[in-house]
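>>> Kindly generate the corresponding structure for this input.
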Amino acid sequence: MSTATDPATDVSGEISEIFAEAGTAGFLYAREIGDDGGPEVSIGGDEPVVLASVFKILVLTAYVRAVAAGELDERERTTVTARYRIGGVGTAGFADDVEMSWRDLALNMMTMSDNAATDVLYHRLGADAVDRVIADLGLDRTRLIGCCEDLFASVIADLGGTADSDLDELFTSATPAQVLAMRAVDPERTSASTPRDVATLLNALWTDAAAPAEACAAARAIMAQQIWPHRLTSGFPGDVTIAAKTGTLPSWRNEAGVVTYPDGRQYAVTVFTRAHSLADRQPRVDASIGRAAFAAVEHLRALTA
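Got it, this is the predicted structure:
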């Protein structure tokens, strides 16, 4: 007597093994764009996860809404001042004040994960505009606690620093126990969501349900220019295009995006990982995000071939 194999169980086991081999806990959700009620792959897809910079997709959505509504002139220029220079890439790491347009700040926010650009935009739009995206799209498991400035303020406080403390120095002197006790790495105490909620947001952006059609198209075009190839992109062939956003905090390495195959079919796939190590560089974990995403999407394609 033979026993039929559940294909969903098969892919769940494969993905779980990918994460285990990389030394990380993994949370994943994947679905085809526009196919509401269709097949899905969920590995902890409803578990709370730390968003890290994946929250910038919400800020981007609020931004393109404001531009479409005429509430913000995307060509208007503003100055990124010393207040926002917390280090890192883009304007966040510049030595001097810089003047940029809102659209270029949005581009920096998404393509290279510029924290200063994010916060300048967030403060211009207002927290209510970003929270409205969450409410309008029914992202009931998603919660934001401010922007990057607020997150890093919580890190400094949790590591015993002051407003004048150097963040890198605080991390260097902190024990692993102190780092793991930070609010910023606990999904119950920081900006958090679930893989399913983030996929719902992506589906809304790709089906023009999150904003007017021209606004959603602008958001998709910006997300397609992200420069980081080490996570989702690393798992897919070169003829598959990817529009996505990474997120990184101690132990957390994430990426959420939409992959488009040459036949035109598109899939939202969101992957969040929490490594068993606090090492700054974890290439096996980064690669596991792409490998797990590819396994999930290929499974969906096989189910609906």
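>>> List the buried residues in the longest helix along the chain.
If you go by DSSP state H, the chain has its longest helix at helix 283-303. Neighbour-count burial for helix 283-303 flags 285-300 (criterion: 16 or more other C-beta atoms under 10 Å). For the C-beta atoms, the positions are set from N, CA and C on the backbone; glycine is no exception.
>>> Same check on stretch 36-45?
39-45.
>>> hmm, who's touching that stretch?
8, 11-12, 15-16, 19, 25-32, 194-196, 199, 292, 296, 299-300, 303-304 (C-beta atoms under 8 Å, 6 or more residues apart in numbering).
>>> end-to-end on it?
Start and end residues of stretch 36-45 are separated by 16 Å (C-alpha to C-alpha, to the nearest Å).
>>> per-residue confidence for Gly87?
At Gly87, the model reports a pLDDT of 76.
>>> cool, Asp168 as well?
87.
>>> returning to that earlier point: among the buried residues of helix 283-303, which one lies nearest to Ala92?
The closest of these to Ala92 turns out to be Asp286 (C-beta to C-beta; 21.4 Å).
>>> how about the closest residue to Ala174 other than its chain neighbours, what does it touch?
Closest residue in space to Ala174, ignoring its immediate chain neighbours: Leu159 at 5.2 Å, by C-beta to C-beta, 6 or more residues apart in numbering. The contact partners of Leu159, taken as C-beta under 8 Å, 6+ apart, are 165, 170-171, 174, 178-179, 182.
>>> Equivalent analysis for Phe94, please.
By C-beta under 8 Å, 6+ apart, the neighbours of Phe94 are 80, 85, 116.
>>> My read is that the first one contacts Asp96, right?
Same thing as Val80. No: at 9.6 Å, Val80 does not count as touching Asp96 under the criterion of C-beta atoms under 8 Å.
>>> So between those two, which is more surrounded?
Per other C-beta atoms under 10 Å, whichever of Val80 and Asp96 has more neighbours is Val80, with 23 against 9.
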